[in-house]
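> 3D, please:
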Amino acid sequence: MTGEAHIEAAGEGRYLLCGELSFATVPALLREVDTPFNGQEQVILDLERVTRADSAGLALLVEWVRRARQRSTPLTIRNMPPQLQGMAKVAGLDRVLSLNGN
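Predicted structure coming up:
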C-alpha cells in the first residue's frame, strides 16, 4: 500500500509538501510542480508534513532545485526530515539542496 502526497499553497511563495515521497507518488508531484511554482519571485518549500521518503523523493527535490535555478527563482527547503537529510549527505547532494540544518 502506498501513501499519497500533495502540495498545499500557504501564501507568499510558501508551499507545504505533505505525505509520502516515494516512487509511487513522485511522478504526479513532478507533473504538478510547474503550476504552483510558476511566476513566483521565490519559493519556500516546507517538508514538515512529509511522512516518509525514499530516493525518488530526493530526486524530486533535486529536480525542483534545478527547475528553480533555470528560472532564476530562489528555492528554500525547510524542515527536511532527517531521513532525507541523511540520503542527501550520503549522495553528496547536501550542497545542491543547500542543507544548513533546517
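> okay but G3 is in contact with G19, surely?
Yes: at 5.4 Å, G3 counts as touching G19 under the criterion of CB atoms under 8 Å. C-beta here means a position set from N, CA and C on the backbone, and glycine is covered the same way.
> Now that R67 has come up, it's in contact with V33, right?
Yes: assessed by CB under 8 Å, R67 is found in contact with V33 at 6.9 Å.
> on that earlier part again, of G3 and G19, who's got more company?
Neighbour tally, G3 and G19, criterion other CB atoms under 10 Å: the higher count belongs to G19, 18 against 13.
> Enumerate every residue touching the more buried one.
For G19, the residues meeting the contact criterion (CB atoms under 8 Å, 6 or more residues apart in numbering) are G3, E4, A5, H6, T25, R49, V50, T51.
> Surely the fourth one is in contact with C18?
Yes: the criterion here is CB under 8 Å, and H6 meets it with C18 at 5.6 Å.
> if you count what's nearby, which of the two comes out ahead?
For H6 versus C18, neighbours defined as other CB under 10 Å are more numerous around C18 (18 against 13).
> After the helix or strand of the chain with the lowest mean pLDDT, which helix or strand is next?
Least confident element among the helices and strands of the chain, by mean pLDDT, DSSP states H and E: helix 34-37 (a mean of 65). Next helix or strand after helix 34-37 toward the C-terminus (DSSP states H and E): strand 43-53.
> From the contact counts, what lies against that next one?
In this structure, strand 43-53 makes packing contacts with strand 14-21, helix 55-70, strand 75-78, helix 82-90, judged by 3 or more CB pairs under 8 Å, 6 or more residues apart in numbering; DSSP states H and E.
> Give the buried residues for the last one.
In this case it means helix 82-90. Of the residues in helix 82-90, those with enough neighbours to count as buried (16 or more other CB atoms under 10 Å) are L84, Q85, M87, A88.
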